[in-house]
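**Student:** Sequence below, structure please.
(2 chains)
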Protein chains: 2
Amino acid sequence: MTIGDELLYGQVVDTNSAFLGQELAKLGLRVRQITSVSDRADEIVTALDLARQRADVVLMTGGLGPTKDDLTKHVLARYFGTELVLHEPTLHHVEGIFARYNRPMLEVNRQQALVPANCTVLHNALGTAPGMWFEDQGTVFVSMPGVPFEMKGLMTDEVLPKLQHHFQTPAIEHVVVQTVGLGESFLAERIAAWESALPATVKLAYLPYLGGVRLRLTGYDDGQPNLRARMQALLPELYTLLGDHIFAEGEVKLEDAVGRLLTARGLTVGTAESCTGGLLAHRLTSVPGSSRYFQGSIIAYSNDIKMRELGVQASTLEAYGAVSEATVREMAEGLRHHLGVDVALATSGIAGPDGGTPEKPVGTICIAYADAFQTVSRQFSFDRGRQLNVEYTTTLALNLLRLSLPQ
Amino acid sequence: MTIGDELLYGQVVDTNSAFLGQELAKLGLRVRQITSVSDRADEIVTALDLARQRADVVLMTGGLGPTKDDLTKHVLARYFGTELVLHEPTLHHVEGIFARYNRPMLEVNRQQALVPANCTVLHNALGTAPGMWFEDQGTVFVSMPGVPFEMKGLMTDEVLPKLQHHFQTPAIEHVVVQTVGLGESFLAERIAAWESALPATVKLAYLPYLGGVRLRLTGYDDGQPNLRARMQALLPELYTLLGDHIFAEGEVKLEDAVGRLLTARGLTVGTAESCTGGLLAHRLTSVPGSSRYFQGSIIAYSNDIKMRELGVQASTLEAYGAVSEATVREMAEGLRHHLGVDVALATSGIAGPDGGTPEKPVGTICIAYADAFQTVSRQFSFDRGRQLNVEYTTTLALNLLRLSLPQ
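**Tutor:** A predicted model of the protein is given here:
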């Protein structure tokens, strides 16, 4: 249960529930339902009543802030028939945080140390609102702050260990295979026979994203040993069917997979970006340790910078335009020489919403890869709005790198 | 209602609900609850039974794909006591899509044109799965694909106009004020008296994000005219209390506000990025029309590129290190001269998880702003994990630009 009017108004996207689902799955706990409710006391109570009917544990986030619209703690005290009392260790912790940052402590901050008398307080190392654990007629209720990084810390350090201790759960195993470059229905057609032959206790899900599909096998305990190994044994045939559309197993992103390839080959990389405006470099550098292979980039929005910093020829721009395979090839080659990197990626396109022409409509995208031996370029055409056009272009470029790297 | 095991396992974050909430609020429709359920028929049916008790309209997304785990259409046919029939216009549409992309059409794609006999089919211009509108005992049920860009197109073109026509709703008005640089509790303390004096029909919510807080006033119809104007009249006092912590009204991002300032002053901008790895350029260029003021960037992860491309002195790096105010000042000034832009932003920091030292722990961040008249730099220290450290740094840098631009 995530609590807050901002979720219902759509002013905040609920990312907490996905994190909770991932972590609970690792313990073999199946999420029965995710519910987002408003900050109204009556709606929180109704949702609690329904949740306890369908689940053994109810995790809540949100509504624990210091401001007037945060009601969760008061609602829970009433729901469990008790009142708020001061929790001294929490008060010391809150005082310590304010002392460390040398900031004056306000009365609303002191009130963060008030908790329902019958809960077990869970220490929130990263913030001022503590977590709260209740047990009531066989159901566990846990309340955590809505701020994602505080909730994640509390969940990892306090809640998951307590849940593991409290529940005895059957095994569920997940095996995830990451693919890129094939749409959902083509993928499904290609692996239809394999899918039909899956054991009854293994379920396949298609999780499409922009540019590819994640395949998730979920195996349920069938009383036989080695569930995970038996699921892994299903994969060789999948590799035969899908070839290099598979780029990784497990929760690995395309930029992680690319980083591993660059690291294994001892190659450095850089980007020359027009339409992607830095997102390609950001994806490459979002990987911890990427400074081992990522050197730098030149973002060249203007033609002037394309010529001066990347050595694109004026005649190329004139003859083919900034959005052309000829231009991105020169951008990639120019970046290699200018920054002295082994491998370069370049992008140029019309991200939109403006700038399209009849010959090159919004969504016309060119990408190039260059290394010491070859330059490879591609042109694409799609339009899913500025943001997705840019995202999709970065996925296409990363995949071009993956497929073009020397063996 | 969002449908799909991937949501409960946390393998996909539900962004559809936030979009629906935003759009419904504009029509004055209040979202009572958001529910995410699995692909199991019995759980979908239970959730439908509960949803119709609390709401006049139930919007569903997901489970309409061409693969075996997509059950929604079959469940709805049974739930509304009918069977699936072929919808010819949808079949022509699907055939047209495959013809346009010159791809072979599969049997599973043909089945996308099967719909429950008693629904009104809603045309999905952007994909193969149509939307479906049901009316049953006074409740409206709408089923849409889970792919966000298809759902958004259907919602905008088909569902919202039909909802507007179907329901007569009371007025709700939202006024959003964007602030940056003050934490939630400090903000709350500063505006406490103003908040207490708000009319009973106006509710204030604090929506914190990394680096600031959005304030949302929600006004409910009180039978008096000019609700929105009366809410706007509450703002001048807020400006007095918060000064330049307010950067915009409405759903405006910091990068939009910065873009407007640059456009108004006719200035060009570029970035010199180390720890932010391109995200600062990406945020600046995520604004449609940003090519009017954004020229380019140099991402300099290695010290070599910092010296060669940005003119940072070896002696500066040696004396102060790459993460220092001295270095980011030289980066910003170097970028201005190197790319010939009016205004430059620079970042350098230890994003983590590795690379920290006792003097400069992970989360040590330096930023600088340079224009023709001044160079301004700041050092910060925080650690919320690599991704958030990078995001927070870009917010601090954009805000430094906003506050430093010549008047």
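**Student:** Pull the contacting residues for the residue nearest to residue A:111 when sequence neighbours are not counted.
**Tutor:** The spatially closest residue to residue A:111, leaving aside those adjacent along the chain, is residue A:66, at 6.7 Å (CB to CB, 6 or more residues apart in numbering or on different chains). Yep, even glycine has a C-beta here, placed from its N, CA and C like the rest. In this structure, residue A:66 makes contact with A:106, A:108-109, A:111-112, A:128-129, B:184-185, B:188, judged by CB atoms under 8 Å, 6 or more residues apart in numbering or on different chains.
**Student:** Just the buried subset of these, please.
**Tutor:** The neighbour-count test (16 or more other CB atoms under 10 Å in any protein chain shown) applied to these identifies A:108-109, A:112, A:128-129, B:184-185, B:188 as buried.
**Student:** With respect to residue B:221, which of those residues is nearest?
**Tutor:** Ranked by distance to residue B:221 (CB to CB), these are led by residue B:188 at 26.8 Å.
**Student:** Which ones among the contacts of residue A:66 map onto strands?
**Tutor:** Using DSSP state E, no member of the contacts of residue A:66 sits in strands.
**Student:** what about the residue nearest to residue A:111, is that helix, strand or coil?
**Tutor:** At residue A:66 the chain is in coil, as set by DSSP: H, G, I helix; E, B strand; the rest coil.
**Student:** And the pLDDT for it?
**Tutor:** With respect to pLDDT, residue A:66 scores 79.
**Student:** and if you look at residue A:169?
**Tutor:** Reported pLDDT at residue A:169 in the predicted model: 69.
**Student:** Flag every residue of the stretch 201-350 of chain A that's near chain B.
**Tutor:** For the stretch 201-350 of chain A, the contact set with chain B under CB under 8 Å from any CB of the partner chain comprises A:203-208, A:214, A:216, A:218, A:270-271, A:273, A:276-282, A:284-286, A:288-291, A:294-302, A:304-305, A:309, A:339-340.
**Student:** Tell me how many other residues crowd the residue of the stretch 301-407 of chain A at minimum distance from chain B.
**Tutor:** Shortest the stretch 301-407 of chain A-to-chain B distance, computed as CB to the nearest CB: residue-wise this is residue A:305, at 4.1 Å. Counted with other CB atoms under 10 Å in any protein chain shown, the neighbours of residue A:305 add up to 24.
**Student:** Repeat that for the one 5 residues further on.
**Tutor:** A total of 25 residues lie near residue A:310 under the criterion other CB under 10 Å.
**Student:** repeat for residue A:74
**Tutor:** Residue A:74: 16 surrounding residues under other CB under 10 Å.
**Student:** Kindly report the same for residue A:80.
**Tutor:** Applying other CB under 10 Å, I find that residue A:80 has 17 neighbouring residues.
**Student:** residue contacts, it?
**Tutor:** Going by CB under 8 Å, 6+ apart, residue A:80 touches A:116, A:118-119, A:134, A:136.
**Student:** quick one on the thing from earlier: how about the residue of the stretch 301-407 of chain A closest to chain B, secondary structure?
**Tutor:** When the structure is split into helix, strand and coil by three-state DSSP, residue A:305 lands in helix.
**Student:** Over to residue A:200?
**Tutor:** Assigned with three-state DSSP, residue A:200 falls in the coil class.
**Student:** can you give me phi and psi for it?
**Tutor:** The phi/psi pair for residue A:200 (degrees, to the nearest 10) reads phi -60, psi -30.
**Student:** ok, the residue nearest to residue A:111 to residue A:95 distance?
**Tutor:** For residue A:66, the distance to residue A:95 equals 14 Å [CB to CB, to the nearest Å].
**Student:** what's the answer for residue A:37, then?
**Tutor:** Separation of residue A:37 from residue A:95 (CB to CB) stands at 33 Å.
**Student:** So between these two, which is more surrounded?
**Tutor:** For residue A:37 versus residue A:95, the count of surrounding residues by other CB under 10 Å is larger for residue A:37: 28 against 15.
**Student:** I figured residue A:336 hits residue A:373, correct?
**Tutor:** No. Here residue A:336 does not reach residue A:373: they are 11.4 Å apart, not a contact under CB atoms under 8 Å.
**Student:** Identify the contacts common to those two.
**Tutor:** Counting by CB under 8 Å, 6+ apart, nothing touches both residue A:336 and residue A:373.
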